[in-house]
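1. A structural model of the following input is requested.
(4 chains)
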There are 2 protein chains.
Amino acid sequence: MLARRTQRQILHTGHPAHPALPASQPHQIAFYTANKEIYGQGERASALYQVEFGAVRLYRLLADGRRQISAFHVAGEVFGFEGDGHHHFFAEAICNCAVRIYRQPLDAQLACEMLPIALKALVRAQEHLLVIGRQSAAERVAAFLLDLHERQGGLPQVELAMSRTDIGDYLGLTIETVSRVLSRFRSQGYIRLKGTRTVELVRTEALRALCM
Amino acid sequence: MLARRTQRQILHTGHPAHPALPASQPHQIAFYTANKEIYGQGERASALYQVEFGAVRLYRLLADGRRQISAFHVAGEVFGFEGDGHHHFFAEAICNCAVRIYRQPLDAQLACEMLPIALKALVRAQEHLLVIGRQSAAERVAAFLLDLHERQGGLPQVELAMSRTDIGDYLGLTIETVSRVLSRFRSQGYIRLKGTRTVELVRTEALRALCM
DNA sequence: CGTAATGTTGACAAGGGTCAAGCTTAGTGG
DNA sequence: CCACTAAGCTTGACCCTTGTCAACATTACG
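-> Okay, the predicted model is just below:
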């Protein structure tokens, strides 16, 4: 059903499934199919977005098409605050997903709510700089798997919403390198691959030791 | 004189040389000599810092000593907001420098002032991810020189406050690679080196073309 | 002026990128 | 329900950029 939608759909609701921004006014939910743009670089930033279900990627492009994904966002997470009134990044749906949109003036109360979210995003971005700037391919992939692992509640089964291309563009690697590292982790018994998008972490401590 | 100080010095003043945080209470200025720690990872975060003169580096370390500098801050810039009450990074003086320290409770007014600063830092960090994740050594160094160039008001002479080691740790490169790229830029006529810490940008447009 | 820290350059090695071929999976239509 | 196709993924061979190690040069400082 969702896969057939080519336009985004808007509907109104007052019952968020995840903790909503407390200061929130009436808001909308928008649905997007895989790879649909949520907003584009340079567009006027006029709202905050909270993922209801599915997953979203934020990225930037170089002139020749090289892409860096700066963050993935999953259910409950907020994105789209970008300061000076214009988006500096692209936001796209990774898979079919729903996004709650908050349009409201930036007042003191909203600033108080946004600040901790923005600071958390800042810490995440700066930690990611360490991963990309100073860690090897294996360390990056291990850190990525462990990050998803934690965000999915610590279950051994980790579901990858994103393609190898997305993972590569997030970690500053090529898809071939990502694939090779995953294959090596499997042959080392660190993980089991159940289909290309499901990873079972078998030796979590070994992965953790890798990226200390 | 300053170089002789081994402890930081505190003094009080009410006349900032740069735009201060408007909501500021009485505050202090602290002096640091080169390589002195301003705060450490894990320390309780209880203040905001504004560079009065000199330059500061923020960084993180891996267990084996690999270092990633996430940002340099120069006169007028604010740093040290880190959300959940603890610093996630180290802050150190690059050279002799003075830092204005604001200690005050986080209220709505302060949140309103901090939000745009935090968002700007976030955008900078995410842009830096693109540089480190997807650009070659030459592109990274070019982007770095142009960034300093702009922050120093567009003068052709760019003063490097930091060592090659710092530049390497900021760009995710080794000092040897940084040095080689600078030498190549010089032999290509893109820059002139007047001592190791002064770079004159001769063909700015060539550098700009490099990192598009 | 001498010493230590910092920076440069060269030779070599290795990690990861590129290109290409083949394999899997999911989606489509007969 | 199966076969076909296209997209996504894996694997191999090769190469290039950058890292490593080492020697030397330069600068800063006592």
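2. need the residues of chain A near DNA strand D, please.
-> With the criterion set to C-beta under 7 Å from any atom of the strand, chain A comes near DNA strand D through A:163-165, A:175-176, A:178-180, A:182-183, A:193, A:196-197. Backbone N, C-alpha and C define where each C-beta goes, glycine included.
3. rerun at 10 Å
-> A:34-35, A:133-134, A:136, A:160, A:162-168, A:174-184, A:186-187, A:193, A:195-197, A:199 (C-beta under 10 Å from any atom of the strand).
4. Next step: those restricted to strands.
-> Among these, the ones falling in strands (DSSP state E) are A:193, A:199.
5. Could you list the domains of chain A?
-> A:2-132, A:135-210 (automatic domain parsing).
6. Make TSV out of these and add mean pLDDT and distance to chain B.
-> Formatted as TSV, the domains of chain A follow (pLDDT from 0 to 100; distance: least, C-beta to the nearest C-beta, whole Å):
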stretch	mean pLDDT	distance to chain B
domain A:2-132	84	3
domain A:135-210	96	3
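7. Ok, which of the ones you listed comes nearest DNA strand C?
-> For the domains of chain A, the distance to DNA strand C is smallest for domain A:135-210, at 3.3 Å, taking C-beta to the nearest atom of the strand.
8. wait, does that closest one make contact with DNA strand C?
-> Yes - under the criterion of C-beta under 10 Å from any atom of the strand, DNA strand C is reached by domain A:135-210 at A:135-141, A:168, A:171-181, A:184, A:193-198.
9. Among the residues you listed, name the buried ones.
-> For the residues of domain A:135-210 next to DNA strand C, a neighbour count by 16 or more other C-beta atoms under 10 Å in any protein chain shown gives the buried set as A:135, A:137-141, A:168, A:171-173, A:177-179, A:181.
10. which two in these are spaced the farthest apart?
-> Using C-beta to C-beta, these span at most 18.0 Å, a distance reached by A:135 and A:179.
11. Could you count how many residues lie near residue A:44?
-> 9 (other C-beta atoms under 10 Å in any protein chain shown).
12. In this structure it contacts residue A:86, no?
-> Yes - between residue A:44 and residue A:86 there is a contact at 6.1 Å, judged by C-beta atoms under 8 Å.
13. List the buried residues for the longest helix along chain A?
-> As assigned by DSSP state H, the longest helix anywhere in chain A is helix A:108-134. For helix A:108-134, the neighbour count (16+ other C-beta under 10 Å) marks A:110-115, A:117-134 as buried.
14. Remind me what that helix packs against, helices and strands.
-> strand A:67-74, helix A:137-151, strand B:55-61, strand B:67-74, helix B:108-134 (3 or more C-beta pairs under 8 Å, 6 or more residues apart in numbering or on different chains; DSSP states H and E).
15. Put together a markdown table for these, with distance to residue A:55 on each row.
-> Output for the helices and strands packed on helix A:108-134, formatted as a markdown table (distance: least, C-beta to C-beta, whole Å):
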| stretch | distance to residue A:55 |
| --- | --- |
| strand A:67-74 | 5 |
| helix A:137-151 | 10 |
| strand B:55-61 | 26 |
| strand B:67-74 | 25 |
| helix B:108-134 | 18 |
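16. of those, which approaches residue B:95 most closely?
-> strand B:55-61 (6.0 Å).
17. mind checking the SS state of residue A:99?
-> Using DSSP: H, G, I helix; E, B strand; the rest coil, the structure places residue A:99 in strand.
18. Just give me the neighbour total for it.
-> Neighbourhood size, residue A:99 [other C-beta under 10 Å]: 24.
19. That one: what's it in contact with?
-> For residue A:99, the contacting residues are A:29, A:30, A:31, A:32, A:38, A:49, A:50, A:51, A:52, A:56, A:93, by C-beta atoms under 8 Å, 6 or more residues apart in numbering or on different chains.
20. neighbours around the fifth one, how many?
-> Burial of residue A:38 is recorded as 23 neighbouring residues (other C-beta under 10 Å).
21. SS state for it?
-> strand.
22. Excluding chain neighbours, what is closest to it?
-> residue A:91 (4.0 Å; C-beta to C-beta, 6 or more residues apart in numbering or on different chains).
23. hey, what's that neighbour bridged with?
-> With beta bridges defined as DSSP bridges, residue A:91 has these partners: residue A:39, residue A:58.
24. how many neighbours does the nearest residue to residue A:77 once chain neighbours are set aside have?
-> Closest residue to residue A:77 apart from its sequence neighbours, by C-beta to C-beta, 6+ apart: residue A:51 at 5.4 Å. Using other C-beta under 10 Å, residue A:51 has 22 neighbouring residues.
25. what is residue A:51 paired to in the beta sheet?
-> Beta-bridge partners of residue A:51, counted by DSSP bridges, are residue A:99.
26. got a list of what it touches?
-> Residue A:51 neighbours (C-beta under 8 Å, 6+ apart): A:73, A:74, A:75, A:76, A:77, A:79, A:97, A:98, A:99, A:100.
27. Now restrict these to buried residues only.
-> By 16+ other C-beta under 10 Å, the contacts of residue A:51 give A:73, A:74, A:77, A:79, A:97, A:98, A:99, A:100 as buried.
28. between those, which is closest to residue B:18?
-> Among the buried ones among the contacts of residue A:51, residue A:79 lies closest to residue B:18 (C-beta to C-beta), at 31.3 Å.
29. which ones are touching the nearest residue to the closest one once chain neighbours are set aside?
-> Counting by C-beta to C-beta, 6+ apart, residue A:73 is the residue found nearest to residue A:79 once chain neighbours are left out, at 5.0 Å. Taking C-beta under 8 Å, 6+ apart, we find residue A:73 in contact with A:51, A:55, A:56, A:57, A:58, A:79.
30. And residue A:127, by the same measure?
-> Residue A:127 touches B:60, B:88, counting by C-beta under 8 Å, 6+ apart.
31. Residue A:108 now?
-> Per C-beta under 8 Å, 6+ apart, neighbours of residue A:108: B:108, B:109, B:111, B:112.
32. give me phi/psi at residue A:93?
-> phi -70, psi 130 (degrees, to the nearest 10).
33. ok, the closest residue to it other than its chain neighbours to residue B:174 distance?
-> Spatial nearest neighbour of residue A:93, chain neighbours left out: residue A:32 (3.7 Å); criterion: C-beta to C-beta, 6+ apart. Noted for residue A:32: a distance of 42 Å to residue B:174, by C-beta to C-beta, to the nearest Å.
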